[in-house]
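>>> Got a predicted structure plus its sequence, pasted below:
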Amino acid sequence: EVQLVESGGGLVQAGGSLRLSCAASGFTFDDYAIGWFRQAPGKEREGVSCISGHDGSTYYQPYARGRFTISTDNAKNAVFLQMSSLKPEDTAVYYCAHALTCQEAQSDFGSWGQGTQVTVSS
């Protein structure tokens, strides 16, 4: 059974950092991609970043580029999202999910975790 479990969220002041983790099990990471998404109150869920298990390529939304870094551990059992220079507008529930490639539409990502809350205070 494919399972993704997010952790690492919390309350942080603007300008601070957080490292989110997505623990993955039940599938071979090399055959898939893992994406991070977020949903703020009253807004639609949006993509944040993605990493390909095929070749390690990484992708970022413009607002995340330069502030967020996606990575995996050596065993490829977890995907991390290091977030720096956080802003109040980064406040959201952050989710990870997997798909065949990072180019898939959001609707093609599956095995969504329960999410982890990130709150950035001003």
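Structure's in. What do you need?
>>> Check what pLDDT the residue nearest to Arg67 when sequence neighbours are not counted gets.
Among residues not flanking Arg67 along the chain, Ser85 sits closest, at 4.8 Å (Cβ to Cβ, 6 or more residues apart in numbering). The C-beta positions use only the backbone N, C-alpha and C, and glycine is treated the same way. Ser85 is assigned a predicted lDDT (pLDDT) of 98.
>>> what residue ranges in the chain score low on pLDDT?
Judged by pLDDT under 70, the chain has no weakly predicted residues.
>>> how near is the spatially most central residue of it to Tyr59?
Compute the mean C-alpha point of the chain, and by Cα atoms, centre = their mean the closest residue is Trp36, 2.3 Å away. Counting by Cβ to Cβ, to the nearest Å, the gap between Trp36 and Tyr59 amounts to 10 Å.
>>> Need the residues touching each of these two.
Common contact partners of Trp36 and Tyr59 (Cβ atoms under 8 Å, 6 or more residues apart in numbering): Ser49, Cys50.
>>> Look at the residue nearest to the centre of the chain and give its secondary structure.
Of the three states, Trp36 takes strand according to DSSP: H, G, I helix; E, B strand; the rest coil.
>>> Apart from its chain neighbours, what residue comes closest to it?
Val48 (4.3 Å).
>>> Outside of the helix or strand that contains that neighbour itself, list whatever touches it.
Per DSSP states H and E, Val48 falls inside strand 46-52. Residues outside strand 46-52 that contact it (Cβ under 8 Å, 6+ apart) are 33-39, 57-61, 64, 68, 70-72, 79, 81, 94, 101-102, 106.
>>> How far does stretch 76-96 stretch from one end to the other?
14 Å (Cα to Cα, to the nearest Å).
>>> Please spell out which residues along that stretch are buried.
For stretch 76-96, burial by neighbour count (16 or more other Cβ atoms under 10 Å) applies to 78-81, 83, 86, 90-96.
>>> Check stretch 97-117 too.
Ala97, His98, Ala99, Cys102, Glu104, Phe109, Ser111, Gly113, Gly115, Thr116.
>>> Contacts for it next, please.
So stretch 97-117 is contacted by 2-10, 20, 22, 24, 26-27, 31-35, 37, 39, 45, 47, 50-52, 54, 57, 59, 92-96 (Cβ under 8 Å, 6+ apart).
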